[in-house]
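J.: Just a sequence and a predicted model for now, questions to come.
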Amino acid sequence: MSLLKTLDPNPTFNPKESGPLPERLIAGSPAFKTWAMDEAKEGKVLSGVWEATPGETKSIKGEVFEFCHILSGVVEITPDGGEPVIYRAGDSFVMKPGFTGVWKTIETVRKIYVVVN
């Protein structure tokens with residue numbers, strides 16, 4: 001097992017396809033694709049590439065820490081009680097445990113993610 005993992009931003013294997021939980025859907029009908037690329041610490045650390053088509057969903061992190069690096073597209077994230085923030089290709093951000101807000105995909109977005117449970 002290698003301790004170095006390259007995350008391919010354009011994976012060639014088939015993604016897992018899904019959508020938002022019905023109770024989290026706010027607007028539109030976004031479709032999600034996930035290319036899981038690595039798992040460590042008995043599934044507590046996950047990384048890969050994720051893509052979403054336009055739509056709006058409730059984001060609830062719970063106890064999860066998530067680092068995101070936007071590869072393409074545009075999203076607007078509005079923390080509950082806060083101001084909206086726009087992220088585009090090249091931008092990176094962290095959603096810390098306890099984060100709740102609205103994730104609005106404006107243009108189909110693709111991101112690299114690292115999730116720590």
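T.: Received the coordinates, thanks.
J.: mind listing the strands for the chain?
T.: Remark: strands of the chain, listed N- to C-terminal, are 16-18, 25-28, 32-40, 45-52, 55-60, 65-79, 85-88, 92-95, 100-116; assignment by DSSP state E.
J.: residues near His69, how many?
T.: Per other Cβ atoms under 10 Å, the neighbour tally for His69 reads 18. From N, CA and C alone the C-beta is placed, and that goes for glycine too.
J.: That one and Ser92 touch, don't they?
T.: Yes. His69 lies in contact with Ser92 (Cβ atoms under 8 Å); the separation is 4.5 Å.
J.: I'd like the strands of the chain as a markdown table, with distance to Leu7 appended.
T.: Supplementary listing: the strands of the chain in a markdown table, determined by distance: least, Cβ to Cβ, whole Å:
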| stretch | distance to Leu7 |
| --- | --- |
| strand 16-18 | 16 |
| strand 25-28 | 27 |
| strand 32-40 | 5 |
| strand 45-52 | 6 |
| strand 55-60 | 22 |
| strand 65-79 | 9 |
| strand 85-88 | 18 |
| strand 92-95 | 13 |
| strand 100-116 | 5 |
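J.: Looking at those strands, which is nearest to Leu3?
T.: Using Cβ to Cβ as the criterion, the shortest distance between Leu3 and the strands of the chain is 9.2 Å, found for strand 32-40.
J.: Walk me through which strands the closest one pairs with, and which way each runs.
T.: In its sheet, strand 32-40 lies beside strand 16-18 (antiparallel), strand 45-52 (antiparallel), with partners assigned from DSSP bridges.
J.: who touches it?
T.: Contacts with strand 32-40, where a contact means Cβ atoms under 8 Å, 6 or more residues apart in numbering, come from 5, 7-8, 11, 13, 15-20, 45-52.
J.: Between strand 55-60 and it, find me the angle.
T.: Here strand 32-40 runs at 30 degrees with respect to strand 55-60, directions being taken by axes from the mean of the first three to the mean of the last three Cα atoms, to 10 degrees.
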